[in-house]
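Asker: Give me the fold of what follows.
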Amino acid sequence: MFSAMDRYCRESYCILFNDKIREAVRVRDNHTCHNCGKKQSELVGFHKNHTIHHIHYDKKNCYPDLITLCNSCNSKANFNRDDWEKMYMNKLNDRGLLLWTKCKNKQEYINTINSNID
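Answerer: I've put the predicted structure just below:
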């Protein structure tokens, strides 16, 4: 029997979750981990890029939001998920980055994201 974590790790990503959108999120977040504040330039070793975390833990859907985390903080975010989800949504809300709240529907949100990364 698989745990919830096993099922999550085996899920495939949505078609919108590609290198272009991951880099756009890193740039939007100033290449800084939203949890510990570590800059990407401070990372060493194998994990030299920050990860892009699905706030709602839904890999099949990039809607509504993604956030930049270092590898260590991304690992921590897989426990007590409700708490992390709430905290990261509040952080994006405080920065005025909850695009989906400003869009009429999912397609308008996708168009907004695409126009910001071209």
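
Asker: any idea how far residue 70 is from residue 111?
Answerer: 30 Å (C-beta to C-beta, to the nearest Å). In short, each C-beta sits where N, CA and C put it, glycine included.

Asker: for residue 84, same thing?
Answerer: 28 Å.

Asker: likewise residue 34?
Answerer: Counting by C-beta to C-beta, the gap from residue 34 to residue 111 is 25 Å.

Asker: same question, residue 75
Answerer: 33 Å.

Asker: same thing with residue 82?
Answerer: Residue 82 is 30 Å from residue 111, by C-beta to C-beta.

Asker: Which one of those two is surrounded by more residues?
Answerer: residue 111 (12 against 8; other C-beta atoms under 10 Å).

Asker: Quick check: the gap between that one and residue 37.
Answerer: From residue 111 to residue 37 the distance is 32 Å (C-beta to C-beta).

Asker: for residue 28, same thing?
Answerer: 16 Å.

Asker: Of these two, which one has the most company?
Answerer: The neighbour comparison of residue 28 against residue 37 (other C-beta under 10 Å) goes to residue 28, with 16 against 10.

Asker: Surely the more buried one is in contact with residue 92?
Answerer: No - contact criterion C-beta atoms under 8 Å: residue 28 and residue 92 do not qualify, at 9.9 Å.

Asker: For this structure, which segments count as strands?
Answerer: 51-54, 66-69 (DSSP state E).

Asker: In a markdown table: the ones you listed, plus mean pLDDT and distance to residue 13.
Answerer: Output for those, formatted as a markdown table (pLDDT from 0 to 100; distance: least, C-beta to C-beta, whole Å):
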| stretch | mean pLDDT | distance to residue 13 |
| --- | --- | --- |
| strand 51-54 | 89 | 9 |
| strand 66-69 | 91 | 11 |
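
Asker: Now do the same contact list for the residue nearest the centre of the chain.
Answerer: Nearest to the mean C-alpha position of the chain, by C-alpha atoms, centre = their mean, lies residue 66 at 2.6 Å. The contact partners of residue 66, by C-beta atoms under 8 Å, 6 or more residues apart in numbering, come to 17, 21-22, 25, 52-55.
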